[in-house]
Each structure stands twice: as C-alpha cells, then as structure tokens.
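J.: Give me a 3D structure for the following:
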Amino acid sequence: MSILMTFYIFYEGKITSKIKNSPRLIELKEIYPIAPFFIVSLGFSFLLLSLIFASVYLLYLGLTFIILGSGLFIITYFAKLFLEEQIYFNLNEANRILNKINANNKNPADIYNLKKYMKLIFKNINNKLDKGLELKTCEDTNTCYKLEYTLINYLPYYIKLGDKEQLDAIKSHLEAMLKSVNENDEIKWKSFTSELITLNEEITTYLKDTNFYLTYRKWSRELEWISTNKDMIFKVVGLAVAAIISFTLKIPFGT
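T.: Okay, here's the model as predicted:
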C-alpha cells in the first residue's frame, strides 16, 4: 500500500479527531485547492519534460510532485470538510462575508458564498437533529414555507432587493445566532431557532410587500442523491486515485 493511501486512512481516522478545532485547519482550508493543483501541475510538467529529454531524474521528480500535491489535496480537502461540519465555523464565515456587504457594494460572489454557508449551516443543523425532527415555521406543511428552503434561496434576493435596513437586520440575526453557539458546537436552541424563524418571517414579508413571489422547486431524485452523498462520492474517487498512484509506482521504468 502506498504512502498516500496510508496517510489518507491515518489522517481521516486518527489525526482529525484530535485537531478538529485547531486554527491550523483554517490555514489548510485556505490553500485548498489552488496550492495542491499547482504542485500536481508542476509534477505533470516535469513528466512531460522527462519524455522530451528522456530523463529518469525528471520522471521521478514529476512523480514526487504529483504524490505530494495529491497528498496535500486530500489533507486540505479534509480540513475544509471538518471545518464545514461545524455550525460555529459556518456562522463565523457567514458573518464575515455579510460584514463585507453593504447597500453600495452587493458583490454577487459574496452573496453566493453567503448562500453556500447558509446551506452548510442547515446541513449541520439537520445532522444534529434526531430522525423525525425538522425546523419549520408552522406545523401545517401545506400552508407554510419550508424554513430551510426560504433562508437558503430567498436570502440572496432579500439582500439584492433590500437596502441598509434589511442588511442590518440580517447581520443582527446572524450575530445573535452565533452567540447561541459555542466553539464546541453546543447550541442554545431556544434563542437560536427564534432568530432563524424571525429572519424567515422578515424575508418572506418583505418580498411579499414588494410583490415578489418565489416558487418552491424540488430537485430530481438523482440530483438530490448526488448532493446528499457528494462527500461519500469524493472519498470513493480519492481512494480510486490513491490506488491508481499506488499501482503506478510499482511499474518499473527504463533508463
């Protein structure tokens, strides 16, 4: 078994349980995926040069860079994954992004990233809830919007159509939600859900008052399955890549 495969299993199973809240994970996440891709691309460049100049040295140098880059890719990906499994981290990121947005600077990239972190927040909320429990704005599901759908899909329009008052309201609610979660991801549910529901009501009321109505759309079953299981799919692909590299390293190369 290759060093890469061994490190993959060791990192996932043992190391991360001890350093999940380490600031080092944030540093690793910040270099994903640009730094790993850059190192891997250097490796392939050296492989190409090894074919041109028939150099064994360049061949092994290229393989070394590819292995190092692939290993770094796996490390940074799991750093990103473990951080994004924390409600506290995602709320921090959402607040950081929101503080960059103002009435005169509604950068589409910031709004997109804010929506991404709202998705992660709800994903982690759902993971914390027992089966059969779901956050909703009312008991009758036929006459009320699903809370998660509203706050993920309506929030970008609320920001785009709103002014300073609406932005200040969002910031106030997200800051209050962050205060309801500690660094160990323990939640004060009463205050946390109260802020979520109040924000949901403000969003839907504002959009109705401005005569905008958004239609609830369901994904196809295939897309929902891919979205729900994307982390598992990535792990399988990662193992397949590691196995290919392991097999490649066992192939003898001529001089």
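
J.: Break the protein down into its domains, please.
T.: Structurally, the chain divides into domains by automatic domain parsing as follows: 3-83+231-249, 87-209.

J.: Mean pLDDT and mean neighbour count for these - can I get that in TSV?
T.: Backbone N, C-alpha and C define where each C-beta goes, glycine included. Output for the domains of the chain, formatted as TSV (pLDDT from 0 to 100; neighbours: other C-beta atoms under 10 Å):
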stretch	mean pLDDT	mean neighbour count
domain 3-83+231-249	76	16
domain 87-209	87	16
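
J.: Residue 100 and residue 153, how far apart?
T.: 21 Å (C-beta to C-beta, to the nearest Å).

J.: just residue 119 next, same as before
T.: For residue 119, the distance to residue 153 equals 10 Å [C-beta to C-beta].

J.: and the nearest residue to residue 164 once chain neighbours are set aside, what are its phi and psi?
T.: Of all residues not flanking residue 164 in the chain, residue 103 sits nearest, at 4.6 Å (C-beta to C-beta, 6 or more residues apart in numbering). In terms of degrees, to the nearest 10, the main-chain angles of residue 103 are phi -60, psi -30.

J.: Equivalent analysis for residue 191, please.
T.: The phi/psi pair for residue 191 (degrees, to the nearest 10) reads phi -70, psi -30.

J.: Quickly note the distance from it to residue 130.
T.: For residue 191, the distance to residue 130 (C-beta to C-beta) stands at 20 Å.

J.: What segments of the stretch 51-200 of the chain are helices?
T.: In the stretch 51-200 of the chain, the helices defined using DSSP state H, counting those that start in this stretch lie at 56-83, 87-100, 108-128, 147-149, 155-161, 164-179, 189-209.

J.: Need the residues that contact the second one.
T.: Meaning helix 87-100. By C-beta atoms under 8 Å, 6 or more residues apart in numbering, the surrounding residues in contact with helix 87-100 are 83-84, 107, 110, 113-114, 117-118, 120-121, 124-125, 128, 167, 170-171, 174-175, 177-178, 181-185, 187.
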